[in-house]
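Student: below: sequence and its predicted model.
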Amino acid sequence: MEDIKVTFLGTGSAVPSPTRNHTAILAQLLNESILIDCGEGTQIQFRKAAISPHKLTKLLITHWHGDHILGIPGLFQTLALSDYSKTLEIYGPKGSKDFMNSINILLGHHKIAYKLHEVNPGKIFENENYFIEASAMSHGTPSLAYSIVLKDKLRLDKNKLKKLKIPNSPIMRELLKGKNIKIENKTIKSKQVTYKEKGKKLTIILDTLFNKNAISIAKDSDLLIAESSFLESSEKGAKLANDYKHLTAKQSATIAKQSKSKKLILTHISERHSNDSQPLKEEAKKVFKNTEIAHDLEVITI
């Protein structure tokens, strides 16, 4: 099975710190390079990570608050000046077209080709290998969470093929489609010689209040990346999270637990916790043990 490689280009929240840039997450799979949000300074983070932004194929916008999108003008200008030749597919919530029109004014002549999709909850992209799903969040402005899902694949069991003395030939492709074949008047059923290789699921939930949609879209994720702007156990943490429509570490862990995700990584770390994020991790681990804290330029593969 193919892997999904995740690079945390930025793990901070509204106010960046010396160690945490504004939010941006890069997911690489198959021949795709998918950027989720593009906070200020993202193009510099690409350079620090030694990753070429020219490989970008899609940009997923969770919402249009400044700390999640102010890196778009700089990134697009750099791409334009270095002859980016693709058409970038951009997906975002309602209102995205108006925001992108404003960004185009800033870019002047330095533009790239892109196609903008204002999406509703549900599958927003699908091909034979993977799909992307969006779900509405609650942040006081149109907001989305995203899942990127590598599909299950049928694989040939080489030992069974050898045992049945089935020669390697183009007809094997039919077995991988779930079809039966005939060789020398003998019927070979697909289920006799194939097995299912489980796919992989990455879910990204950023700025939002706790809500049932978050649990639904994260269901059975191999990796859940969720914001953790506040510490619920602190004196004002729960109130601030509710007032500003964000998640606490405990709430993110609850989403991970109730969705039966395998691993949780907390991101969108507030400046108040930038130098010491351990309390966030400890609060989350009381609910969901397999929890880690994201750091800028960290790479994880699922």
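Tutor: Yep, that arrived.

Student: check the closest residue to Leu280 other than its chain neighbours and give its pLDDT.
Tutor: Closest residue to Leu280 apart from its sequence neighbours, by CB to CB, 6 or more residues apart in numbering: Ala249 at 4.3 Å. Backbone N, C-alpha and C define where each C-beta goes, glycine included. Note on Ala249: pLDDT of 98.

Student: cool, Leu107 as well?
Tutor: 80.

Student: hang on, isn't it packed against Phe76?
Tutor: Yes. Between Leu107 and Phe76 there is a contact under CB atoms under 8 Å: 5.9 Å.

Student: so which of these two has more stuff around it?
Tutor: Phe76 (25 against 15; other CB atoms under 10 Å).

Student: in what helix or strand does that one lie?
Tutor: Per DSSP states H and E, Phe76 falls inside helix 72-81.

Student: burial measure for the residue nearest to Leu280, as a count.
Tutor: Using other CB under 10 Å as the criterion, the residues surrounding Ala249 number 34.

Student: tell me the phi and psi of it?
Tutor: phi -60, psi -40 (degrees, to the nearest 10).

Student: list the contacts for it?
Tutor: Applying CB atoms under 8 Å, 6 or more residues apart in numbering to Ala249 gives the contacts 228, 230-232, 266, 279-281, 283-284.

Student: so among those residues, which ones count as buried?
Tutor: 228, 230-232, 266, 280-281, 283-284 (16 or more other CB atoms under 10 Å).

Student: and which of those residues is nearest Ala256?
Tutor: The closest of the buried ones among the contacts of Ala249 to Ala256 turns out to be Ala284 (CB to CB; 8.0 Å).

Student: isn't the closest one up against Ser228?
Tutor: Yes. Look at Ala284 against Ser228 with CB under 8 Å: they come within range, at 7.0 Å.

Student: where do the contact lists of these two overlap?
Tutor: Going by CB under 8 Å, 6+ apart, residues that sit against Ala284 and also against Ser228 are 249, 252, 266.

Student: for those residues, which one is nearest Asp152?
Tutor: Closest to Asp152, out of all of the shared contacts of Ala284 and Ser228 and judged by CB to CB, is Ser252, at 27.3 Å.

Student: in the stretch 1-150 of the chain, which spans are helices?
Tutor: Using DSSP state H, counting those that start in this stretch, the helices of the stretch 1-150 of the chain run over 42-48, 66-69, 72-81, 96-107.

Student: got the CA coordinates for the second one in CSV?
Tutor: Output for helix 66-69, consisting of C-alpha atoms alone and laid out as CSV, is shown next (Å, rounded to 0.1, in the frame of the first residue of the first chain):
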residue,chain,number,x,y,z
GLY,A,66,-5.7,35.3,8.4
ASP,A,67,-3.4,32.8,10.2
HIS,A,68,-4.6,30.1,7.8
ILE,A,69,-4.4,31.9,4.4
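
Student: ok, and what's touching it?
Tutor: 12-14, 16, 22-23, 37-40, 61-62, 99, 206-207.
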